[in-house]
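Colleague: I would like the atomic coordinates for the input below:
(3 chains)
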Amino acid sequence: MSYTLQQLSEKLNGELQGKASKKIINVAEIQNAGTRDLSFLANPKYIKFIESTKAGALIVGKDFKEEYPNLIKVDNPNLAFSKAISLFRPSPANLKPGIHKTAVISKTAILGSDIYIGPNVVVEDDAVIENNSIVYANTYIGNHARIGAGTIIKPNVTIYHECVLGKNCLIHAGTVIGADGYGFVRTDSNIIKIPQAGHVIIHDNVEIGSNCSIDRGTLGNTEIGKGTKLDNLIQIAHNVKIGEYCFITGQVGVAGSAEIGNMVTIAGQVGIVGHIKVGDRAILTGKSGITKDVAPGSIMFGFPAQESKIARREMAGIRTIPDIRKRLKNLEKKLKDKDKE
Amino acid sequence: MSYTLQQLSEKLNGELQGKASKKIINVAEIQNAGTRDLSFLANPKYIKFIESTKAGALIVGKDFKEEYPNLIKVDNPNLAFSKAISLFRPSPANLKPGIHKTAVISKTAILGSDIYIGPNVVVEDDAVIENNSIVYANTYIGNHARIGAGTIIKPNVTIYHECVLGKNCLIHAGTVIGADGYGFVRTDSNIIKIPQAGHVIIHDNVEIGSNCSIDRGTLGNTEIGKGTKLDNLIQIAHNVKIGEYCFITGQVGVAGSAEIGNMVTIAGQVGIVGHIKVGDRAILTGKSGITKDVAPGSIMFGFPAQESKIARREMAGIRTIPDIRKRLKNLEKKLKDKDKE
Amino acid sequence: MSYTLQQLSEKLNGELQGKASKKIINVAEIQNAGTRDLSFLANPKYIKFIESTKAGALIVGKDFKEEYPNLIKVDNPNLAFSKAISLFRPSPANLKPGIHKTAVISKTAILGSDIYIGPNVVVEDDAVIENNSIVYANTYIGNHARIGAGTIIKPNVTIYHECVLGKNCLIHAGTVIGADGYGFVRTDSNIIKIPQAGHVIIHDNVEIGSNCSIDRGTLGNTEIGKGTKLDNLIQIAHNVKIGEYCFITGQVGVAGSAEIGNMVTIAGQVGIVGHIKVGDRAILTGKSGITKDVAPGSIMFGFPAQESKIARREMAGIRTIPDIRKRLKNLEKKLKDKDKE
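Modeller: Here you go, the predicted structure:
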């Protein structure tokens, strides 16, 4: 696969500065790019590489000021580079529809057209798999579960009974959807399990990374809104409601019945206690522990988390303690000296 | 399924205030309940919903003071509501005993009566599965492992060789029991693996959530006591001993050889270092990092964790730093003015 | 299996102090050892057990000063005891090579000699499994993936397409290698997925615990260096490079494009942000949040992490706030009194 810079600039809807006829044969990271590779610059951390990179051309933002032989200027360099990757490295051909002979599929399951079901997949009674879905090897789909059209489920996934996945979702390997929520009552000498009789609803275009645990609701459902993207090793507890188009990154934990708004960003290893609300477009920075409602648009930091500005001011305050102690000592000495006068 | 309030109040062992003949057809959360649903109030956070709920009746504690048309007063509303869920939503009929024809079971494995073994389950040599156990699809049971009577293992679980599960346990999907403990010795130019020759013992009535990792012991065993309940994505390292009737919630990590007492509560994302002891009935609050022995009954908070009272006092202290700096400046100015006098 | 102390001392390359003819029949932890067991003392925390242990003999360091009837003194007690475990508890006999009849193996896959492939394993097109490898039941190996000679993969593992594992690796159950990195671009009304077109390279002698998630690179590869050992439930994000002979313990998360040097030690629940570098032999203590480059050999602590000495000094500073407030009050009073004079 190869393109001229002219062709690329048109496909990426950019302004070309440089040699239109130059041939580009691949995409690469800026620090590894060769003279016939296209790369990009979006994160300011990487500007230092502009001195040393051998990239044949760079995709950059419209406000890019540095000099470089060949540039394609675009509105959103990340997005344009993402398109460029697809041009040079088309995704592997789709699996041919078909049901592997080792798959174990209940007679009462309902299968759509043009679906792929891999080896050793188990589909239980009354489950529904809609058109064009792909279910990879060794995955389990419980009874009455429903997989929306065009959804892809990778190997070794477990979908418990009654859980519902929307259209065009992508679920990575090892993820478990619909295990019992963690609901127990302690009595004097025992612990009683609360039945977990709800299920999980995943809306359209959701992506869930590998080895996540999304628990079923107690009565109502655990719900993940349209277009939300989860990374790996995330726990979503029972009855949690997550809005649309959120980013939830690795190892985040959300406790029972918490409600997360739309377009919220949750960075790695954040913990959110149960029964609270996080407003739309809030940003929860890495490792924060969210213990109270968060207003829409807030940036939260620390544990227990506070508005980032306040938390950072407190942290700065802590750094002044040695100075405080020195000044205090000074004052004490001066006053003592005065007493002696 | 429907019951009158009179019937429900009897079944739940409660005192009815309201219309005994009223028919109830389902259970629901207070914020979603309709006029023919039964709901409950236990968490004070939800009292606000009493204004707006349409619930046909509420289960409440005996000391409940608010007005509401139909109330069933009980000693433990959580427990009573848990029973109510079972009344209206009986758990799905048990799987019919039987061994799926695709299961791969060693000739030397010992199988009890009335067990269910799902598709593609693998049971290795000399493993024992006791009466009435249920092993879901695609689960692996290693050689000499033992599954106690009435225990349920969900899909895609891995039980390594020699591990022992007690009676009436429930193990959720994706959990791994008995992988090698993390034992290595660093030498000058290499890292040597320490053989992990022990195994794991899970006592009766333990529940383990999805995607947990419970490692085998080095010599002795890793052990989880009777009735303890684990949430999801939890790591229990080699040689750890956990007592009876503990609560261990999501994403907790317990390092090697730590000992946890009975009835301990460990909140989400807590980390516990190796080789320490946590006393009976201690409470480790969310995200705490436990670095030293914890006395029985203590409430621990923060990282490194301290008694909650002390930790919270320190946090309050930090918030006074701006005030300290102001007062210090004041004093300095006053003293300077005095000098000028 | 039994050995005299004379024999053991020779095999472990140690100096014997005690009765050379004494027979030892097993290894055990010091607190559980009986009179015919060999135990060891390396962690100072366990010296207290020397009063009460019944161990027939102890492996100790050459500088060990306490009295005990039978001692084997060695340079590295951990290493020597590790060898002793192998003497008394030889690892289970290797699985007999062979391919289980239920395995589903593509005709275009290339299989080496003397390999074991368990029940329900799926090996996709053009995958390569080199000599002497062992792949346990229910594991999935994607197309063009490559498994190096002598590597062992436990049950329910997922290796995505094109991922490369070196020789003599050990991958525990439930781990996922090569799922898509978390790469998305937010636009005004949507979230666009960035293709994840790279893969994962695991070098020789790497061990990875259970339920880990190692994501594939976007363009280049995610890479784990020779001899590095990962514990359980770890996330390694796309494009991360990890050096050789590192220790990475439970529930650690490393964000995208971070670079970890050689012989780095990362303790439990540490989080590392993306696009930073951690120098060789650095030690990142438990629960730290690493937000900036770390110099080689540094010991880091806290969140945001600082050099351990600085962080601990700050923590000590916080504890002096009550004292500061008392002294401040004192000064204020004195000055007030002075004003009255």
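Colleague: Tell me if stretch A:50-63 is near chain C.
Modeller: No: Stretch A:50-63 lies out of reach of chain C by C-beta under 8 Å from any C-beta of the partner chain, never closer than 12.1 Å. C-beta: built from backbone N, CA, C; applies to glycine.
Colleague: Near chain C, which residues of the stretch 151-300 of chain A are found?
Modeller: A:154-156, A:170, A:172-174, A:207, A:209-211, A:227, A:229, A:231-233, A:245, A:247, A:249-251, A:263, A:268-269, A:286-287.
Colleague: Now the longest helix anywhere in chain A: buried residues?
Modeller: As assigned by DSSP state H, the longest helix anywhere in chain A is helix A:321-340. For helix A:321-340, burial by neighbour count (16 or more other C-beta atoms under 10 Å in any protein chain shown) applies to A:321, A:324, A:327-328, A:331, A:334-335.
Colleague: Tell me which helix or strand residue A:315 sits in.
Modeller: Using DSSP states H and E, the element containing residue A:315 is helix A:308-319.
Colleague: what mean pLDDT does that helix have?
Modeller: Helix A:308-319 carries an average pLDDT of 92.
Colleague: what's in contact with the worst-scoring helix or strand of chain A on mean pLDDT?
Modeller: Ranking every helix and strand in chain A by mean pLDDT, DSSP states H and E puts helix A:321-340 at the bottom, with a mean of 87. Contacts of helix A:321-340 with the rest of the structure, by C-beta atoms under 8 Å, 6 or more residues apart in numbering or on different chains, involve B:321, B:324-325, B:328, B:331-332, B:335, B:338, C:313-314, C:317-318, C:320-321, C:324, C:327-328, C:331, C:334-335, C:338.
Colleague: ok, now with 6 Å
Modeller: The contact list for helix A:321-340 (C-beta atoms under 6 Å, 6 or more residues apart in numbering or on different chains) reads B:328, B:331, B:335, C:317, C:327, C:331, C:334.
Colleague: next one: stretch A:85-96
Modeller: A:1, A:26-27, A:116, A:134, C:195, C:197.
Colleague: mind listing which of the residues you listed are in strands?
Modeller: A:26-27, A:116, A:134 (DSSP state E).
Colleague: okay, now the residue nearest to residue A:314 when sequence neighbours are not counted: neighbour count?
Modeller: Spatially, and ignoring its direct neighbours in sequence, residue A:314 is nearest to residue B:318 (5.6 Å; C-beta to C-beta, 6 or more residues apart in numbering or on different chains). If you count neighbours by other C-beta atoms under 10 Å in any protein chain shown, residue B:318 ends up with 16.
Colleague: mind exporting stretch A:227-244 as PDB, just the C-alpha atoms?
Modeller: Provided in PDB are the C-alpha atoms of stretch A:227-244 (Å, rounded to 0.1, in the frame of the first residue of the first chain):
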ATOM      1  CA  GLY A 227     -20.700   5.000  23.100                       C
ATOM      2  CA  THR A 228     -19.000   4.600  26.500                       C
ATOM      3  CA  LYS A 229     -15.500   3.000  26.300                       C
ATOM      4  CA  LEU A 230     -14.100   0.900  29.100                       C
ATOM      5  CA  ASP A 231     -10.400  -0.100  29.400                       C
ATOM      6  CA  ASN A 232      -9.300  -3.300  31.200                       C
ATOM      7  CA  LEU A 233      -9.700  -4.800  34.700                       C
ATOM      8  CA  ILE A 234     -12.600  -2.500  35.600                       C
ATOM      9  CA  GLN A 235     -15.300  -3.300  38.200                       C
ATOM     10  CA  ILE A 236     -18.800  -2.000  37.700                       C
ATOM     11  CA  ALA A 237     -20.900  -3.000  40.700                       C
ATOM     12  CA  HIS A 238     -24.600  -3.800  40.800                       C
ATOM     13  CA  ASN A 239     -27.200  -1.200  39.900                       C
ATOM     14  CA  VAL A 240     -24.500   1.300  38.700                       C
ATOM     15  CA  LYS A 241     -25.700   3.600  35.900                       C
ATOM     16  CA  ILE A 242     -23.100   4.900  33.500                       C
ATOM     17  CA  GLY A 243     -24.000   7.600  31.000                       C
ATOM     18  CA  GLU A 244     -23.100   8.000  27.300                       C
END
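Colleague: tell me, which of the residues of the stretch 151-300 of chain A next to chain C make contact with chain B?
Modeller: A:156, A:174, A:211 (C-beta under 6 Å from any C-beta of the partner chain).
Colleague: What about these, which are in strands?
Modeller: Among those, no member falls in strands (DSSP E).
Colleague: Take those and lay them out in TSV including neighbour count.
Modeller: TSV is the format used below for those (neighbours: other C-beta atoms under 10 Å in any protein chain shown):
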residue	neighbour count
A:156	34
A:174	33
A:211	32
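Colleague: Generate JSON lines for these, with pLDDT as supplementary columns.
Modeller: Output for those, formatted as JSON lines (pLDDT from 0 to 100):
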{"residue": "A:156", "pLDDT": "98"}
{"residue": "A:174", "pLDDT": "98"}
{"residue": "A:211", "pLDDT": "98"}
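Colleague: Next, format the residues you listed as JSON lines and append distance to residue B:47.
Modeller: Formatted as JSON lines, these follow (distance: C-beta to C-beta, whole Å):
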{"residue": "A:156", "distance to residue B:47": "44"}
{"residue": "A:174", "distance to residue B:47": "40"}
{"residue": "A:211", "distance to residue B:47": "38"}
